[in-house]
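1. below: sequence and its predicted model.
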Amino acid sequence: MEVKYIFGVIGADREECLDCCGFTLGERVHAIPYRDISAVVSTSSLVEYTRLPKDRVARYLLTHQQVIEKVMDHYTIIPMRLGTYAFDTAEVKEILSRGYKKFKDILQKIGNKIEIDLVATWNDLNSMVKEIGELQEIKDLKERMMSRPEGVSVGDQIKIGSRIKTILDTKKERISSEINGALAKVSTALKAHDLMDDRMIFNAALLIDKERNNELEIELYELNKLYAGTVDFRCVGPLPPYSFYTAEVEKLPFNDIEWAKEKLEIDGVETKEEIIKAYRNRARIYHPDNNIDSHDAERQFNEIFRAYKILCEYCDGNGRLPDEKEAGQNAVIIKVRE
């Protein structure tokens, strides 16, 4: 089955063929416009990514990222989540219509900006631990333990190791804070990522103006000088703003919308303000604190909250809830991970 695979959304208002030869999923990558934005798409066979082995998913992800990064050479692009597709051009335009306000806002925020991913690691973790072990504080602690008649126990060894780790972590936090402060001078936003192992000191994505890339290089040069021989830096980019904005499309049966409207006792076409008001009224009635003797109140309260979330997510860019005739049989919800 052929579908329109969606790589991302750009600020272009005409249908055109994009220069992404060699990085396609099917036909040549092109743009499908709606008003003054477009979806970057390619005709592709429908793939169930959740059922594929990890190595095959990784290959698809690589292609997905290569297309987005190639398009980024010419356009500001909001990346779509891997595996986002529409059944035809009409559905692509519906997705753009549903998310229009959201897409426009994000394109304005990331215009002329790039993501740079930066990782800092200990040059030699073992040497750093050994260096801490030579501190006078640690030597004194070891000496006090060894001078006792019972000698050094396993618990004592754990205590020493714990103190060395505390000192190392404090050192790591200080360096991380200094790196963060230096990069904050040249970046619009910074998003920290998880530290993957003990060697890692700093792991973050930076959103920067393209014109400030030279300033970033200067800051990195100064950091390299400051921590020479102690800390290694690895920089990846320029990239699209994967860490800051990634869009995804969720398709919801319209029956779920009707269920949510019934839960909040909403009839007809409603605005987001009216949905909020209906939710507050219903939540007040079924709040567990107001129904201590009811075994069903918590379930009802949770369902009311779920209904509220569904309807708020489905409100269009004008803060209005479409009816079934406008929406068709399936509701399209545009989400952006920030």
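-> Okay, I see it. Numbers count the residues shown, from 1 in each chain.
2. wait, what's in contact with the residue of the chain positioned farthest from its centre?
-> Largest separation from the mean C-alpha position in the chain: Pro149, at 56.5 Å (C-alpha atoms, centre = their mean). Neighbouring residues of Pro149 by C-beta atoms under 8 Å, 6 or more residues apart in numbering: there are none. C-beta here means a position set from N, CA and C on the backbone, and glycine is covered the same way.
3. mind checking how far it is from Val47?
-> 70 Å (C-beta to C-beta, to the nearest Å).
4. by mean pLDDT, which helix or strand of this protein comes out lowest?
-> Ranked by mean pLDDT, DSSP states H and E, the weakest helix or strand in the chain is helix 324-327, scoring a mean of 51.
5. for the stretch 151-300 of the chain, which segments count as strands?
-> Secondary structure of the stretch 151-300 of the chain (DSSP state E, counting those that start in this stretch): strands located at 189-192, 200-209, 231-239, 246-253.
6. CA atoms of the shortest one as PDB?
-> The one in question is strand 189-192. The C-alpha trace of strand 189-192 is given here as PDB (Å, rounded to 0.1, in the frame of the first residue of the first chain):
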ATOM      1  CA  ALA A 189      18.000  27.700  24.200                       C
ATOM      2  CA  LEU A 190      19.700  24.700  25.700                       C
ATOM      3  CA  LYS A 191      18.200  21.300  26.400                       C
ATOM      4  CA  ALA A 192      20.000  18.900  28.700                       C
END
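7. if you count contacts, what does that strand end up packed against?
-> helix 154-184, strand 200-209 (3 or more C-beta pairs under 8 Å, 6 or more residues apart in numbering; DSSP states H and E).
8. roughly how far is the shortest one from the heart of the chain?
-> Going back to what we said before, that points to strand 200-209. 13 Å (C-alpha atoms, centre = their mean, to the nearest Å).
9. please apply the same query to the longest one.
-> A distance of 28 Å separates the centroid of the chain from that of helix 154-184, by C-alpha atoms, centre = their mean.
10. what strand or helix carries the nearest residue to Thr84 once chain neighbours are set aside?
-> For Thr84, ignoring the flanking residues on the chain, the nearest one in space by C-beta to C-beta, 6 or more residues apart in numbering is Ile6 at 4.6 Å. Element membership for Ile6 (DSSP states H and E) is strand 2-10.
11. which helices and strands does the very next helix or strand once past that strand pack with?
-> Downstream of strand 2-10, the next assigned helix or strand under DSSP H and E is strand 30-34. On a contact count with 3+ C-beta pairs under 8 Å, 6+ apart, strand 30-34 meets strand 37-45, helix 89-98.
12. just the pLDDT for Arg337.
-> You'll see Arg337 listed with a pLDDT of 66.
13. now His287, nearest residue through space, not along the chain?
-> Closest to His287 by C-beta to C-beta, 6+ apart is Phe301, at 5.9 Å.
14. tell me the SS of that neighbour?
-> helix (DSSP: H, G, I helix; E, B strand; the rest coil).
15. can you verify my assumption that it contacts Pro288?
-> Yes: the pair Phe301 / Pro288 is scored as a contact, 6.0 Å apart, by C-beta atoms under 8 Å.
16. the two: who's more crowded?
-> Each of Phe301 and Pro288 has its neighbours counted (other C-beta atoms under 10 Å); Phe301 has more, 21 against 13.
17. what distance do you get for that one to Ile257?
-> For Phe301 relative to Ile257 (C-beta to C-beta), the value is 20 Å.
18. could you do Gln65 as well?
-> Taken as C-beta to C-beta, the span from Gln65 to Ile257 is 34 Å.
19. compare these two (neighbour count), which wins?
-> Here Gln65 and Ile257 are compared on neighbour count by other C-beta under 10 Å; more neighbours surround Ile257, at 22 against 17.
20. just the pLDDT for that one.
-> 74.
21. how close does it sit to Ile310?
-> On the measure of C-beta to C-beta, Ile257 and Ile310 end up 7 Å apart.
22. roughly how far apart are Leu264 and Ile276?
-> Counting by C-beta to C-beta, the gap from Leu264 to Ile276 is 10 Å.
23. give me the common contacts of the two.
-> Counting by C-beta under 8 Å, 6+ apart, the residues touching both Leu264 and Ile276 are Tyr308.
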